[in-house]
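Student: my questions are about this predicted structure, shown below with the sequence.
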Amino acid sequence: MSGPVSPVDTTAPQDIAGPAGTEITDGRRTVVGGIPVTRSLPRARRRTVGAWCFVDHFGPEDVSGRPGMQVPPHPHTGLQTLTWLVEGEIVHRDSLGSDQRIRPGQLNLMTSGHGIAHSEMSPAEHAPRMHGLQLWVALPEQQCNGEPRFEHHAELPVLIDGNAVLTVLAGRFGSMEAPAVVHTPLVAVELVLPGPGQHRLALEPRFEYGVLTMSGAANVGEVTVTPGSLLYLAPGRLELTVEADHPARMVLLGGEPFEEDLVMWWNFVGRSHQEIVEAREDWIAGRRFGQVAGCSADPLPAPALPNVRLKARDRHGRAVG
Ligand code: MN
């Protein structure tokens, strides 16, 4: 998926303070590759949750008789992209030669390292609906110059808790660990609640968390989370109660607060203006990122840089560089 151009999401509504240590914010609606998306991160004053630096919830969208998702080749640096599908199909192709169809219940993880290019396109024959998540994870500085890598995981750890089904998408949750290779302490868990019920989730108190709902609604602690909003929970919690009256599909993201200051621009995560400038120039010149074989669409052109120097920001959105 392809990211925002603006270094700061100035269109973001103000954060709404919830009970102590919580914030509930509305995501920003946009369109990516022809599919409506709600973008919950980054926010003006909440850039990351753990190392999670970008949260796009796409669909559910009726794509019958339409091309579906169409994201042509584009570059990434300094991050991992995690794709989780609930409905639909996407073919991922990248400059390592990967050609991988992802189906519901499966996970793709692409690690950009120093640079990778990929495309994400629904196949010509596809299911009538598209629904999923694309999440980005900021790589710690020592991983940013590493080799690119792609992983597809058709099997993920699943825990049945009463009538709820918990799937660990990334990181460790209790005794279960997802197979995707990550580089900071983090977690992503999907909770499918088929009907009325209450569930207590053990949390890691060093982690901060974000909770979103992909469908339905649930009471999380003292806050009702509905589609389009993100509940942020500061570190220090040992557990969380999730209660639903009706079927709901929730996602819990968490991690140790990411203390490195970041410059995020378009599809690049870096540490300085100069790094972003070089990544953009390399993409324009056809260097570094390689070619996405098998994708006939023209690569995405890099947008123009703003007329100001891009500033590194801390996790609260404060400019530091
Ligand atoms: Mn992408």
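Tutor: Yes, it's here.

Student: CA atoms for contacts and neighbours, from now on please.
Tutor: OK.

Student: can you give me the strands for the stretch 201-321 of the chain?
Tutor: Assigned by DSSP state E, counting those that start in this stretch, the stretch 201-321 of the chain shows strands spanning 208-215, 218-220, 223-225, 229-233, 239-244, 248-255, 263-265, 268-270.

Student: how about the fourth one: buried residues?
Tutor: Within strand 229-233, the residues that count as buried by 16 or more other C-alpha atoms under 10 Å are 229-233.

Student: between those, which is closest to the ion?
Tutor: Using C-alpha to the ion, Leu230 comes nearest to the ion of the buried residues of strand 229-233, at 21.8 Å.

Student: check the closest one and give its pLDDT.
Tutor: At Leu230, the pLDDT value in this model is 96.

Student: let me see the contact set for it.
Tutor: Leu230 is in contact with 24-27, 40, 210-213, counting by C-alpha atoms under 8 Å, 6 or more residues apart in numbering.

Student: counting neighbours, which of those residues comes out on top?
Tutor: Of those, Leu212 is surrounded by the most neighbours, 27 neighbours in total, counting by other C-alpha atoms under 10 Å.

Student: which residue does the stretch 201-321 of the chain bring closest to the ion?
Tutor: Counting by C-alpha to the ion, the stretch 201-321 of the chain gets nearest the ion through Asn267, at 6.9 Å.

Student: Met69 versus that residue, what's the distance?
Tutor: Taking C-alpha to C-alpha, to the nearest Å as the measure, Asn267 and Met69 are separated by 17 Å.

Student: before we move on, what about Gly59?
Tutor: As judged by C-alpha to C-alpha, Gly59 and Met69 stand 10 Å apart.

Student: same question, Ile116
Tutor: Distance check for Ile116 against Met69: by C-alpha to C-alpha, it reads 20 Å.

Student: do Gly228 as well
Tutor: Taking C-alpha to C-alpha, one finds Gly228 at 20 Å from Met69.

Student: still on that earlier bit, pick out whichever of Ile116 and Met69 has more residues nearby.
Tutor: When Ile116 and Met69 are compared for neighbours, Ile116 comes out ahead with 27 against 23, by other C-alpha under 10 Å.

Student: the closest residue to the more buried one other than its chain neighbours: what's it in contact with?
Tutor: With sequence-adjacent residues excluded and distances taken as C-alpha to C-alpha, 6 or more residues apart in numbering, Ile116 is closest to Phe289, at 4.8 Å. Listed by C-alpha under 8 Å, 6+ apart, the contact set of Phe289 reads 75, 95, 115-117, 282-283.

Student: does the single nearest residue of the stretch 101-250 of the chain relative to the ion lie in a helix or a strand, and which?
Tutor: Using C-alpha to the ion, His118 is the residue of the stretch 101-250 of the chain that sits closest to the ion, at 6.3 Å. For His118, the element it lies in under DSSP states H and E is strand 116-121.

Student: next, give phi and psi for the residue nearest to Ile116.
Tutor: Recorded main-chain torsions at Phe289 are phi -90, psi -20, according to degrees, to the nearest 10.

Student: hmm, back to that, need the contacts of Leu230 in CSV (columns: distance to Thr111 and pLDDT).
Tutor: As requested, the contacts of Leu230 are arranged in CSV below (distance: C-alpha to C-alpha, whole Å; pLDDT from 0 to 100):
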residue, distance to Thr111, pLDDT
Ile24, 30, 93
Thr25, 28, 92
Asp26, 28, 94
Gly27, 25, 95
Ser40, 21, 97
Gly210, 22, 98
Val211, 24, 98
Leu212, 24, 97
Thr213, 26, 97
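
Student: intersect the residues you listed with the contacts of the ion.
Tutor: Filtering the contacts of Leu230 for proximity to the ion (criterion: C-alpha under 5 Å from the ion) leaves nothing.

Student: returning to what we had before: quick one: strands adjacent to the strand holding His118?
Tutor: strand 70-76 (antiparallel), strand 90-94 (antiparallel) (DSSP bridges).

Student: to the ion, which of those lies closest?
Tutor: Each of the strands paired with strand 116-121 has some distance to the ion by C-alpha to the ion; the shortest is strand 70-76, at 6.4 Å.

Student: just the CA coordinates for that closest one, please, in CSV.
Tutor: In CSV, the C-alpha atoms belonging to strand 70-76 read as follows (Å, rounded to 0.1, in the frame of the first residue of the first chain):
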residue,chain,number,x,y,z
GLN,A,70,-4.9,-1.7,-7.7
VAL,A,71,-1.7,-0.4,-6.1
PRO,A,72,1.0,-0.2,-8.8
PRO,A,73,4.7,-0.7,-8.1
HIS,A,74,6.1,1.7,-5.4
PRO,A,75,9.1,1.8,-3.1
HIS,A,76,9.5,1.4,0.7
